[in-house]
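**Student:** predicted structure and sequence below. I'll ask about it afterward.
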Amino acid sequence: MSSKKAKVSTPSSLRGRSVADSKVEMTEIVFPTDANPLGNVMGGRIMHWVDICAAVAAGRHARTPVVTASVDKIDFVNPVPVGGVVVARASVNFAGRTSMEVGVKVWQEDRATGERKHVVSAYLTFVSLDPDTRKPREVAPILPKSEEEKRRFSDAKRRRELRIQLRNEKANG
């Protein structure tokens, strides 16, 4: 009888994935139908683009349908006028058992110079769903590689702990 333990294999869908596997960049032009009466893109339209960009990143990581569970605070720091170009980038910062934190940063890009101004940043939490049962489904862990990815992973883990703490306080309060 052999003393070797049987090797348990991890399903390929749950093996760790790199941050690069989930990266998304979206570009939009602000049209008059996207604007408020002041001629700048409406905050709700930016939030819509943020949610789409983040959902694509979460879906790339989970390889399942995903739903938005929460959005952290959003602060708009610069307006984007009609005709402006909006660039949004997203990637998964951290993955729990069935949820993922996705970071999104949005800029306005000047067409003539290519210079970018920060518009908004946000963190969104998505839950992976089984395509058949629509119940939460496990996701692969994130494998941060660069120092920046490791910092974002660590920061996301702390934010997750705070979200859980706040949720528990609300449930018990």
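**Tutor:** Sure thing, it's come through.

**Student:** list the contacts of the most centrally placed residue in the chain.
**Tutor:** The C-alpha lying nearest the average C-alpha coordinate of the chain belongs to Val102 (CA atoms, centre = their mean; 2.0 Å). With contacts taken as CB atoms under 8 Å, 6 or more residues apart in numbering, Val102 has the following neighbours: 22, 54, 57-58, 90-93, 123-126. All C-beta atoms are positioned from the backbone trio N, CA, C, and that covers glycine.

**Student:** wait, doesn't Pro32 sit right on Pro81?
**Tutor:** No - here Pro32 lies out of contact with Pro81, judged by CB atoms under 8 Å, at a distance of 10.6 Å.

**Student:** looking at these two, which is more packed in?
**Tutor:** When neighbours are counted by other CB atoms under 10 Å, Pro32 and Pro81 differ, and Pro81 comes out ahead with 12 against 8.

**Student:** contacting residues around the more buried one?
**Tutor:** Neighbour list for Pro81: 30, 35, 39-41 [criterion: CB under 8 Å, 6+ apart].

**Student:** do Ala62 as well
**Tutor:** Shown here is Ala62, whose contacts under the criterion CB under 8 Å, 6+ apart are 100, 126, 128, 137, 139-140.
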